[in-house]
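[1] my questions are about this predicted structure, shown below with the sequence.
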Protein chains: 2
Amino acid sequence: MQQPAKFVIVGGGLGGALLAVYLGKAGYAVEVYEMRDDPRMAGPVGGRSINLALSYRGLCALEPVGLAEEVLRQAVPMGGRMIHATDGSTVFQPYGVEESQAINSVSRGGLNTTLIRAAAEYPNVRLFFNTKCVDVHLETATADFVDTRTQGSFSASGTAVLSADGAFSAVRRAMQRQERFNYRQDYLEHGYKELNIPPAAGGGFQLQKHALHIWPRRSFMMIALPNADGSFTCTLFWPFDGENSFAAIRGESDLLAFFHKEFPDAVPLMPTLVEDYFAHPVGSMVTVRCQPWHVGGRVALLGDAAHAVVPFYGQGMNATFEDVLVFDECMTRLAPDWEGVFAAYEAARKPNTDALADLALHNFVEMRDYTGSRWFHAKKKAEKLLAKLLPGWFVPLYVLVTFTRTPYAEAVRRARVQARAVAIGLAAIILLLATGLLVYGGQ
Amino acid sequence: MQQPAKFVIVGGGLGGALLAVYLGKAGYAVEVYEMRDDPRMAGPVGGRSINLALSYRGLCALEPVGLAEEVLRQAVPMGGRMIHATDGSTVFQPYGVEESQAINSVSRGGLNTTLIRAAAEYPNVRLFFNTKCVDVHLETATADFVDTRTQGSFSASGTAVLSADGAFSAVRRAMQRQERFNYRQDYLEHGYKELNIPPAAGGGFQLQKHALHIWPRRSFMMIALPNADGSFTCTLFWPFDGENSFAAIRGESDLLAFFHKEFPDAVPLMPTLVEDYFAHPVGSMVTVRCQPWHVGGRVALLGDAAHAVVPFYGQGMNATFEDVLVFDECMTRLAPDWEGVFAAYEAARKPNTDALADLALHNFVEMRDYTGSRWFHAKKKAEKLLAKLLPGWFVPLYVLVTFTRTPYAEAVRRARVQARAVAIGLAAIILLLATGLLVYGGQ
């Protein structure tokens, strides 16, 4: 008889914890090793952790393990973008073509706690925290760890090591030492800094609650996402270097001059702006592409470890959750042929996460350069009109990505065909009108 | 007074050795650490080492240090491609537009020995062999080494560590640990295997001596370069996996069936085909792109460490030698501002080696798919004609890359403009002819 499969999951963040839930539910023995502290010990999670936008793909992966409802209860739905101009005026642009279509602002800490609790409910799932992966032996499916409190070393092995340890994955680093491993990491010239808008004095929200707020300023932007407690988490995306950049801010007066000029309506809502700015680090953003994602049936990559993307399409977490869902589908079909499972999962996901990487990079330009323009606003209205006139046939790209499970690469192809058809349709209408005018003029 | 600069060069291959010659000539203190044995100890170098095609850029870098003539004496000039069809027929395609334009087959071992000897003549250059770089401390310009014979560890530091340690550079690996280091490695699906055609029984060459021989077979190819001793070094480029691949060859009969079918004219010239094939490993080919190439004025990358390319344009070594030449130009202009030197060198080279990486990848497709076609042969003849009709104005891309120092990126741009102008010219001629015919027909 075959040995029942056992999995070593490296990383107990969002992807690793959800994977543990799925594998736990399927009855496999699972060990999760997470570098950080147990999020359940961190006490009630405040509203200050970095926000994420949970949308349809992520919800589809939470639903089969009974977590969608609980997560949505902690979330703030955002029905559209609220664009803030330099003069303080605002315009609201709905995300969907139907009123009900919204993305959901969730706190990373809260969501992680929910997932870890759900994983811990399976007796066949064991969780280890403060354990840092330092190396992986690809031939034996063994991972080496250091206990970050005792500095003691130990190893764990299983049928396979599943890597959910993020953009700087230690598992992937071991895979990079192999021959013929294709790998690419591209950093943005922009960094980001987290800032904060607290709840109003008497409680409640200082800005429209059900919106993702954007201050688009062409070469840079600030965004703000609502938290359940009435605060907003703001993120400033700005070049690291140059004349107009993080590097150019030498002190408080530089900072305030910049904010008063660019975000005048936000400044009065940010009482801790100066202290937040100088206390928080500037983060970097990276796109990671690699291939292959697995070594036989012994090691596989998942989430950011396989395909870190920049955050501008709001799809990083959603794509990771969809990875887990597709992984589960392949497992149901092909286990215990683990090499077959990993190969099928990679074949299904890799072209789509490649497409997402490009979409996310492109959307940064769109968010900071175009969302503030009349042309963009008119285009969004035209898209909505077309979607109503041609229901089911014309679906805007943003809707395909955010509110359907259309594979990312297919969504890109479909949007291209739609755009071509609309251009031909417009040309035909203009031609018909011109012909009509000529005929009319000739009488 | 300022401390005189001292350089630690990691890698004593072709790039590292030539760099040592230049820095030695400029009077700097130089230490070269090479992982392999001293090539001067290896005795007379035979004709079996992998061949390289030295062309104009490489010669321009050897000239100022008085090495061009000596290196050319050991080389075999190749005036063009000799294309071998499956039926054994051959066609010769000259490389240049003038008879004198040739690329030069040189043995890596012989050239390396020449360069090491030249570097050793400077008393301010010290050479260390059997020393493997294991880590680099970017902040202090210090490299850690292991003596591969004694296993003893030691460190070396200087004004700067210069990395000439190839595609799998240990120095670059240390730079990859930094934030915001862009990095990319892409392997080909094809591997390569070295084979051999010995000299004729009575001495002399079994194939035309002054040609680079190609057996283009669309999805794969074999090439052969002449050695001074009358032998040819052959390289088979073939997919690693699949139906028609290295993986499909299970034994001697598979191998011979494949060679008799695809390279029937070569088989009788290769008496050691079977033993060579099964004795030699299958090599992989990688393109490496990264950025930045330097850390302040303390560490800089050069040659394959900065920009490994696939071998199909015959420019890898030439580009590395041109790196050294440009490095020297920047040094003459800006030293002792080493950060300025490294930044100017990177700015001058990076766009060009990026262009070369694409050219080399594209040329693989051209060599194996098109060199055997009538269309390719006609195109080469048309290019030669245009170059004679429009001297100085029309220069084929291959000639710009191989026989001039036009920066690679500029060569690509210029070729694009030329192609467009030729297309417009052809359209104009056709239009004139058609108009002429109409006028003539109307009479």
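    Structure received. Numbers count the residues shown, from 1 in each chain, chains lettered A, B, ... in the order given.

[2] show me where the stretch 1-150 of chain A has strands.
    A:6-10, A:29-33, A:51-54, A:76-78, A:80-84, A:90-94, A:103-107, A:125-128, A:131-137, A:142-147 (DSSP state E, counting those that start in this stretch).

[3] closest to chain B out of those?
    strand A:131-137 (14.1 Å; Cβ to the nearest Cβ). (C-beta placed from N, C-alpha, C; glycine too.)

[4] and the strands of the stretch 1-150 of chain A as TSV, adding mean neighbour count, mean pLDDT and distance to A:E179?
    Formatted as TSV, those follow (neighbours: other Cβ atoms under 10 Å in any protein chain shown; pLDDT from 0 to 100; distance: least, Cβ to Cβ, whole Å):
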stretch	mean neighbour count	mean pLDDT	distance to A:E179
strand A:6-10	25	98	23
strand A:29-33	23	98	27
strand A:51-54	24	92	37
strand A:76-78	21	97	46
strand A:80-84	21	95	46
strand A:90-94	15	93	49
strand A:103-107	25	95	41
strand A:125-128	18	98	32
strand A:131-137	19	97	16
strand A:142-147	19	98	20
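
[5] so which of those gets nearest A:K384?
    Between A:K384 and those, the shortest gap by Cβ to Cβ is with strand A:90-94, which sits at 7.4 Å.

[6] against which helices or strands is that closest one packed?
    strand A:80-84, helix A:374-389 (3 or more Cβ pairs under 8 Å, 6 or more residues apart in numbering or on different chains; DSSP states H and E).

[7] so it versus helix A:374-389, what angle?
    30 degrees (axes from the mean of the first three to the mean of the last three Cα atoms, to 10 degrees).

[8] partner strands of strand A:90-94 and their direction?
    Sheet partners assigned to strand A:90-94 using DSSP bridges are listed as strand A:80-84 (antiparallel).

[9] show residues contacting the strand it pairs with.
    Applying Cβ atoms under 8 Å, 6 or more residues apart in numbering or on different chains, the set of residues contacting strand A:80-84 from outside is A:90-95, A:207-208, A:211-216, A:263, A:265-266, A:371-372, A:377.

[10] of the residues you listed, just the buried ones, ChimeraX syntax please.
    Of the contacts of strand A:80-84, the buried ones can be selected in ChimeraX as follows, counting by 16 or more other Cβ atoms under 10 Å in any protein chain shown:
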select /A:93,94,95,207,211,212,213,214,215,216,263,265,266,371,372,377
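
[11] so A:Y33 sits right up against A:I9, yeah?
    Yes. Checked against Cβ atoms under 8 Å, the pair A:Y33 and A:I9 is within contact range at 7.0 Å.

[12] out of the strands of the stretch 1-150 of chain A, nearest to B:E194?
    That would be strand A:131-137 among the strands of the stretch 1-150 of chain A, by Cβ to Cβ, at 31.8 Å.

[13] and the contacts of that closest one?
    Defining contact as Cβ under 8 Å, 6+ apart, one finds that strand A:131-137 is touched by A:10-11, A:33-35, A:142-148, A:153, A:161, A:163, A:165, A:170-171, A:174-175, A:299.

[14] picking that back up, any idea which of the helices and strands packed on strand A:90-94 is most buried?
    Mean neighbour count (mean count of other Cβ atoms under 10 Å in any protein chain shown) peaks for strand A:80-84 among the helices and strands packed on strand A:90-94, with a mean of 21.

[15] many thanks, we can stop here.
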